[in-house]
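Novice: my questions concern the predicted model and sequence given below.
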Amino acid sequence: VYNFSAGPACLPEWVLNKASEEMLDAHQSGMSVMEMSHRSSEFEDILNTAKARLRRLMNIPEDYEILFLQGGGSMQFSMIPMNFLKNGADIINTGQWTKKAIAEHKKLGKTNVVASSAEDNFTYIPKIKQSDLSEDSDYVYICENNTIYGTKYKELPPHEGKMLMADLSSCILSEPTDVTKYDLIFAGAQKNIGPAGVTLVIIKKDLLKDSDTLPSMLNYKTYADNNSMYNTPPTYGIYICGLVFEWLEDVIGGLENMQKINHQKANLLYDYIDSSSLYSNPVNKEDRSYMNVPFVTGDKELDAKFVKEAKEAGFVNIKGHRTVGGMRASIYNAMPLEGIETLIEFMKKFEAENAK
Ligand code: PLP
């Protein structure tokens with residue numbers, strides 16, 4: 001099947017094949033990675049190799065730390081304010097995942113929603129000016145790619161004199177990222193990095209501070225001080241993340257190439273949707289995501305028929321989020337161009353059969 005799930009999402013076949021080859025004897029250990037002690041030299045090598053590959057891939061400077069956590073993207077909604085909220089947080093509301101971050105921030109301190117696209121069902125990215133920010137806030141918080149609504153920041157908001165915290169859960173590794181523009185990046189692994197259960201954090205080292213009040217597991221420094229192994233880390237998940245990094249480096253040839261492929265895939269689908277008289281995409285063109293493409297027919301019954309027939313034809317998990325309706329094709333890194341081409345063929349056939 002072609003799996004258009006928003007996450008957990010499809011993984012590169014290359015990665016799954018390599019993982020299955022190594023299942024019973026990983027790194028000449030005579031066992032699976034799942035069975036290895038996280039204190040073993042074999043696992044330490046797996047983790048350090050994954051970090052080194054990610055550092056090369058994303059060009060992460062040495063003054064940033066790479067951390068593997070658990071708790072999903074959602075734990076970051078609390079961990080960021082617990083670690084960094086003092087005078088206020090400026091959050092741009094672009095949908096479900098910032099709404100949740102706002103709710104968690106509100107429990108912990110002053111939370112300023114400095115812009116929002118809620119009134120238009122989050123179909124665009126609000127553009128803000130430096131003067132829209134609160135004078136005394138500590139940081140600006142954004143969700144860079146909005147998985148549910150299919151929007152993406154093409155330019156970061158101004159944040160002079162403030163830190164920038166960004167949720168890259170659904171766009172990380174889809175394109176080159178200038179890490180130096182951020183203070184903290186986080187991403188749940190289950191879309192473009194690997195399996196659910198791992199959360200990647202990239203954080204400026206000078207933000208890591210000891211704390212007498214924060215629980216150890218909720219302080220980023222604990223993870224940095226212990227090479228992400230303060231407690232038992234999600235070992236198998238980290239191993240698969242490492243294989244995805246290897247695929248991106250050695251098979252795809254880096255993030256510039258990945259971006260080209262992703263643009264080709266997304267443009268093909270958007271061009272067809274724009275030319276079709278049945279389907280439409282509600283998102284402001286300049287804010288369209290390269291990873292999540294929502295589309296509707298404008299008729300709920302026809303949408304349901306599409307989802308059903310698509311599934312029968314081998315296009316699975318293409319139903320849109322309940323807050324948007326219709327369909328959503330999540331076309332992360334691992335979705336091959338062929339998957340999009342075949343989907344478009346199906347969409348054309350469905351359009352011809354159901355033209356009004
Ligand atoms: N942020 C974004 C952009 C997401 O798409 C998601 C989940 O899909 C989350 C955060 C929440 O992630 P998790 O389920 O890992 O907590």
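Specialist: Great, that's in hand.
Novice: from one end of stretch 169-177 to the other, what's the distance?
Specialist: Using C-alpha to C-alpha, to the nearest Å, the end-to-end distance of stretch 169-177 comes out at 13 Å.
Novice: show me how far that stretch is from its chain's centre.
Specialist: 7 Å (C-alpha atoms, centre = their mean, to the nearest Å).
Novice: same question, stretch 141-155
Specialist: Between the centre of stretch 141-155 and the centre of its chain there are 10 Å (C-alpha atoms, centre = their mean).
Novice: nearest to the ligand: which residue in the stretch 201-350 of the chain?
Specialist: Going by C-beta to the nearest ligand atom, the ligand is nearest to N292 of the stretch 201-350 of the chain, at 8.5 Å. C-beta here means a position set from N, CA and C on the backbone, and glycine is covered the same way.
Novice: hang on, that residue packs against A6?
Specialist: Yes. With contact defined as C-beta atoms under 8 Å, N292 counts as touching A6 (6.3 Å).
Novice: tell me, what's touching those two both at once?
Specialist: Counting by C-beta atoms under 8 Å, 6 or more residues apart in numbering, the shared contacts of N292 and A6 are T147, I148, S170, R328, S330.
Novice: those also near the ligand: which ones?
Specialist: Among those, the residues within reach of the ligand (C-beta under 6 Å from any ligand atom) are T147, S170.
Novice: out of the shared contacts of N292 and A6, who has the most neighbours?
Specialist: Scoring these on neighbours with other C-beta atoms under 10 Å, the highest-scoring entry is S170 at 29 neighbours.
Novice: for N292 and A6, indicate the residue with more neighbours.
Specialist: More neighbours surround N292 than the other of N292 and A6, with 29 against 21 (other C-beta under 10 Å).
Novice: ignoring the adjacent residues along the chain, who's closest to that one?
Specialist: Leaving aside its chain neighbours, N292 sits nearest to G150 (4.5 Å; criterion: C-beta to C-beta, 6 or more residues apart in numbering).
Novice: near the ligand, which residues of the stretch 101-250 of the chain are found?
Specialist: Within reach of the ligand by C-beta under 6 Å from any ligand atom, the stretch 101-250 of the chain has these residues: C143, T147, D167, S169, S170, G188.
Novice: which helix or strand contains the fourth one?
Specialist: Element membership for S169 (DSSP states H and E) is empty, with no helix or strand holding it.
Novice: next, the buried residues of the longest helix along the chain.
Specialist: Criterion DSSP state H: the longest helix present in the chain is helix 255-275. For helix 255-275, a neighbour-count test (16 or more other C-beta atoms under 10 Å) marks L255, M258, Q259, I261, N262, K265, A266, L268, L269, Y270, Y272, I273 as buried.
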